[in-house]
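> Structure for the following, please:
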Amino acid sequence: MLTSTNLWNEVFVCPEESDFYSDCLESLVLSQCHGSEAVVEFGSGDGAPVINTLLKSNFKGLIYGFEINSAAYRLAKSRIQSHNLSSKYSIQNCCFFEEVNVEAEYLVSNPPYLPALDDKLYQPRLHGGTDGTEIARRLLSLGYDNVLLMVSSYSNPEGLINYAASQGYSVSNFLVSPLRFGYYSSEPKVKNTIVQLRQHKKAFYSSNIYLLAGVLFKKQTELVVDLSQELIQVLTAL
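Numbering: from 1, shown residues only. Prediction:
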């Protein structure tokens with residue numbers, strides 16, 4: 001059973017970030033769904049962002065969540081059942097990348113983006129590779145038509161946006177919020193890596209905040225206005 005003393009190291013806990021992810025889900029994805037669209041989520045965590053969004057939304061489709069952390073999965077499953085949302089939000093306790101043929105109109109995720117030389121962190125599964133973009137790049141390589149990702153200004157945002165373009169994506173829309181460095185991002189190993197990334201112009205932040213963006217990537221078509229350069233300008237402003 002999770003207690004207040006071990007919760008932070010067992011399940012990702014950041015109410016401000018979770019609330020912002022929920023807002024991005026509502027504004028950039030669910031509000032654009034008008035039928036019975038399918039949405040697949042990588043890394044459902046404790047389920048709170050999607051649950052909070054569904055409680056405010058008229059979404060008629062189904063969200064398929066994948067969460068490898070057993071403690072987070074059990075917490076999310078309990079919350080889904082208590083809110084009677086099982087018909088709209090289904091979670092599996094397994095690795096998303098090991099599944100095949102997960103078809104959906106949207107892929108959504110607040111992926112691990114902590115940059116560090118290795119995953120020996122407070123929460124190893126929050127490790128996003130040496131520049132924080134490793135998991136996001138894997139998700140963008142899967143070919144979904146629409147991908148919503150949370151993108152951090154201290155995790156090589158320009159490199160990630162350029163990678164998305166190389167995979168055929170435009171930035172269709174985005175929302176940005178300032179966040180303070182928290183429990184996970186303030187871990188010395190992570191903070192030292194962020195400082196090093198800044199020296200190479202791959203991390204952008206102030207002494208007080210960094211920026212987090214909810215970004216909707218769409219496969220490029222003539223009808224999609226590409227906001228990639230505007231997003232880069234915003235995320236590299238600090």
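
> where does this structure have low pLDDT?
Within the chain, the ranges that satisfy pLDDT under 70 run 1-8, 100.

> Quick test: name the residue nearest the centre of it.
In the chain, the centroid-proximal residue (CA atoms, centre = their mean) is residue 110; its distance is 1.2 Å.

> Quick one: residues contacting that one.
Taking CB atoms under 8 Å, 6 or more residues apart in numbering, we find residue 110 in contact with 17, 18, 21, 43, 45, 49, 149, 150. Just so you know, the C-beta spots here come from the backbone N, C-alpha and C atoms, and that holds for glycine as well.

> which one of those sits closest to residue 156?
Proximity of the contacts of residue 110 to residue 156 (CB to CB) peaks at residue 149, which lies at 13.2 Å.

> That closest one reaches residue 136, doesn't it?
Yes. Between residue 149 and residue 136 there is a contact at 5.4 Å, judged by CB atoms under 8 Å.

> Those two: who's more crowded?
Shown here are residue 149 and residue 136; by other CB atoms under 10 Å, residue 136 has more neighbours (29 against 25).

> can I assume that one is in contact with residue 151?
Yes. Using CB under 8 Å, residue 136 is in contact with residue 151, at 7.1 Å.

> Give me the common contacts of these two.
113, 160.

> List the buried residues of the helix or strand encompassing residue 158.
For residue 158, the host element (DSSP states H and E) is helix 157-166. Residues 157, 158, 160, 161, 163, 164, 165 are the ones in helix 157-166 that count as buried (16 or more other CB atoms under 10 Å).

> with these in mind, which one is nearest to residue 234?
residue 157 (9.1 Å).

> so what's that closest one up against?
When contacts are counted by CB under 8 Å, 6+ apart, residue 157 touches 151, 204, 213, 231, 232, 235, 236.

> With residue 48 instead?
With contact taken as CB under 8 Å, 6+ apart, residue 48 is in contact with 18, 22, 76, 79.

> one more time with 10 Å
12, 13, 15, 18, 19, 21, 22, 75, 76, 79 (CB atoms under 10 Å, 6 or more residues apart in numbering).

> swap in residue 159?
Shown in contact with residue 159 (CB under 10 Å, 6+ apart): 131, 132, 133, 137, 197, 202.

> I figured residue 207 was touching residue 198, is that so?
No. In this structure residue 207 lies outside contact range of residue 198 using CB atoms under 10 Å: 11.9 Å.

> Of those two, which one has the most company?
residue 198 (14 against 6).

> quick one: contacts for that one?
Residues near residue 198 by CB under 10 Å, 6+ apart: 154, 204, 205, 238.
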